[in-house]
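Student: task: produce atomic coordinates for the following.
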Amino acid sequence: MRSEAPATTADATTADAAVPPPAGAPAGAWSPLRHRTFRWLWLAAIASNIGTWMHEVGAGWLMTTLSPSPLLVSLVQAAGAAPMFVLALPAGALSDIVDRRRFLIGVQIWMALVAAALAAATLTGAMTPGLLLGLTAALGIGSALMAPAWAALTPELVPKPELQSAIALSSVGINVARAIGPALAGLIVSSVGPWATFALNAASFAGVIVVLAGWRRPQAVATLPSERFFGALRAGWRYARSAPRLQAVIVRALAFFVFASAGLGLLPLLVRRLPDGSAGVYGALLACVGVGAVGGAFLLPKLRERVSADQLVAGASALYAGVLLALALLPSAPWLAPVMLASGAAWIAVLSSFQVAAQTAAPPWVRARALAVYMLAFNGAMAAGAALWGTIAAHQAPAVALVAAAAGLLLLILPVRRFRLACAAADDLSPSLHWPMPLAEGAAIGHDRGPVLVTVEYEIPPAHAAAFVQAMQAMARVRRRNGALSWGLFQDTDRPQRWVEYFIDESWLEHLRHHGRITHADAETEARVRALHSGPHGPRIHHHVGPPAPGSGLLPLGAGED
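Tutor: Numbering: from 1, shown residues only. Model (predicted):
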């Protein structure tokens, strides 16, 4: 079930998460394990991730047996990652509007069945390269559906002061599995065969299913109807288009993972061509990646005290470029072991930096969808990169592909630095709830009425006009992120000090949701704008709703009144 997608940082809502740390006990590295549901789910996830890493070793090695083509070998990784590129945003929308617990149980059952089918086809000799890629893609579909919902669980299981520790523990768990799974898989493939790794992977989903089935997740009391699927998709996409912090993470992820994917994508082929290469060696080298990542995870807190996230990512990118060059040039497995240790440390430094930036780039109402966009970039880059470097390796040589990937990583370090990774505590994205609910004179407004036009009138002294226009650009991003279909700003030609801002929401229901989406960070942006307003009262706000649809039987507001 491996998911290197980020956990989120919304407020905890469950009874288990609401229990504060004991008096006098600070939130330490292991403190989230005091919470029963988090502890058992963390342990079950490690077991499941061990199974997933065993699958990756078995699938990669099996493909080298079925076909010597470098392209087909690299496509095993691409087949597992590509579904995320297609399904990430729909999965994020589903995660935000359905019961996550039941949804995750269903996805885990699906993945267990696919893994069992892989084991059966391999054991009976029915496996072909096409079938292997197809079933790997089916597992990838399960991972794509699971990842946003899984990423949103952490804040429901631990209180806010322990979230950073919980996120770190999740990364440690993934990399403990990375250290154990490949080494164990190498032994099993050598002694039993790849089918056994698939069978054990199928069994590994049981723990997660049992823990999720036993979790009594409290249901939040909703004051508004749930978002509809396609509306949730549109809202998530609008948010991503107007969120510079999220966009910076996406650009940085694309710049790194497209090139870094060459290492893991071509590793099975490189090991197969070594004089001492075997399935056991392949598993051991992947285990070295996990060990290096775990070691790197424990060094990261001290590194973050001394360097910024941007400096950390730049240094780790340069180190990973060196790893790719070493893979291209070193001739035997013993020489590659320390290289793979370094690759794990560099990988976790980059990945955790991106995770923290992505986790804090969106408020709770859209977080799963924002994380899904990041996952789309991450997995899309991995899939596209694996296919690209596999093609180059097939037409040239693996060493040529690895050298080209290393060069790409190094060349992009400086250009992408302008897309800065935001500090985790930069903004308060919790709901401010400071907007009063709009009132309609004489009648209730149906949720489906729309569109809704909102105008805000400001009195701005001429001396402050330039600063006001600049401040309103940030306000435009706030409006669009929170659901506005369009936004505009106009100056009155008769009274130049009078400015009118407008934005349009899709419906009255969407406008009510807009009220609940405003964060404390948005309120600060709004306060900077209002500080330039010079009237005796605050800016004047007016709501305008579209007429009822013809044939709906509804009357305009106030119609029929004396």
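Student: where's L224, which helix or strand?
Tutor: Using DSSP states H and E, L224 is not contained in any helix or strand.
Student: please name the nearest non-neighbouring residue to I460.
Tutor: For I460, ignoring the flanking residues on the chain, the nearest one in space by CB to CB, 6 or more residues apart in numbering is F468 at 4.7 Å. Using the backbone N, CA and C atoms, a C-beta is placed for each residue, glycine as well.
Student: I figured that neighbour hits P462, correct?
Tutor: No. Between F468 and P462 there is no contact, the gap being 10.1 Å when judged by CB atoms under 8 Å.
Student: more neighbours: these two, which one.
Tutor: Using other CB atoms under 10 Å as the criterion, F468 and P462 rank with F468 on top: 20 against 8.
Student: secondary structure element for the more buried one?
Tutor: Assigned by DSSP H and E, F468 falls in helix 465-481.
Student: and that helix, what does it pack onto?
Tutor: Judged by 3 or more CB pairs under 8 Å, 6 or more residues apart in numbering; DSSP states H and E, the packing partners of helix 465-481 are helix 229-241, strand 486-491, strand 498-505, helix 520-530.
Student: can you list the ones you listed in CSV and add mean pLDDT, distance to M375 and mean neighbour count?
Tutor: Below are these laid out as CSV (pLDDT from 0 to 100; distance: least, CB to CB, whole Å; neighbours: other CB atoms under 10 Å):
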stretch, mean pLDDT, distance to M375, mean neighbour count
helix 229-241, 86, 12, 19
strand 486-491, 95, 28, 14
strand 498-505, 96, 28, 20
helix 520-530, 91, 23, 17
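Student: quick one: mean pLDDT for the host helix or strand of L300?
Tutor: Here L300 sits within helix 279-306, counting by DSSP H and E. For helix 279-306, mean pLDDT is 78.
Student: point out the other helices and strands that that helix packs with.
Tutor: Using 3+ CB pairs under 8 Å, 6+ apart, helix 279-306 sits against helix 36-66, helix 163-191, helix 244-273, helix 309-329, helix 333-359.
Student: which of those has the lowest average pLDDT?
Tutor: Among those, helix 163-191 scores lowest, at a mean of 77.
Student: which parts of that one are buried?
Tutor: 163-186, 188-189 (16 or more other CB atoms under 10 Å).
Student: which strands and helices lie in contact with it?
Tutor: Right, helix 163-191 is packed against helix 36-66, helix 154-157, helix 194-214, helix 279-306, helix 333-359 by 3+ CB pairs under 8 Å, 6+ apart.
Student: related to what we said a few turns ago, report the contact partners of the residue nearest to I460.
Tutor: Applying CB atoms under 8 Å, 6 or more residues apart in numbering, one finds that F468 lies in contact with 458, 460, 499, 529, 532.
Student: let me know the closest of those residues to A297.
Tutor: Among the contacts of F468, V529 lies closest to A297 (CB to CB), at 41.9 Å.
Student: contacts only, for the spatially closest residue to the closest one that is not a sequence neighbour.
Tutor: Of all residues not flanking V529 in the chain, A471 sits nearest, at 4.9 Å (CB to CB, 6+ apart). Listed by CB under 8 Å, 6+ apart, the contact set of A471 reads 525, 528-529, 532.
Student: now those residues in TSV, with distance to V478?
Tutor: Shown next, in TSV, are the contacts of A471 (distance: CB to CB, whole Å):
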residue	distance to V478
T525	5
R528	11
V529	10
L532	16
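Student: ok, the residue nearest to I460 to V456 distance?
Tutor: 12 Å (CB to CB, to the nearest Å).
Student: swap in L153?
Tutor: 38 Å.
Student: who has more neighbours, the two?
Tutor: L153 (25 against 21).
Student: what is the neighbour count of the closest residue to the more buried one other than its chain neighbours?
Tutor: Among residues not flanking L153 along the chain, R100 sits closest, at 6.8 Å (CB to CB, 6+ apart). Neighbourhood size, R100 [other CB under 10 Å]: 20.
Student: of the helices and strands packed on helix 279-306, which is nearest S432?
Tutor: helix 244-273 (18.0 Å).
Student: name the residue closest to the centre of this protein, please.
Tutor: Centroid-nearest residue in the chain: L371, 3.2 Å away (criterion: CA atoms, centre = their mean).
Student: good, wrapping up.
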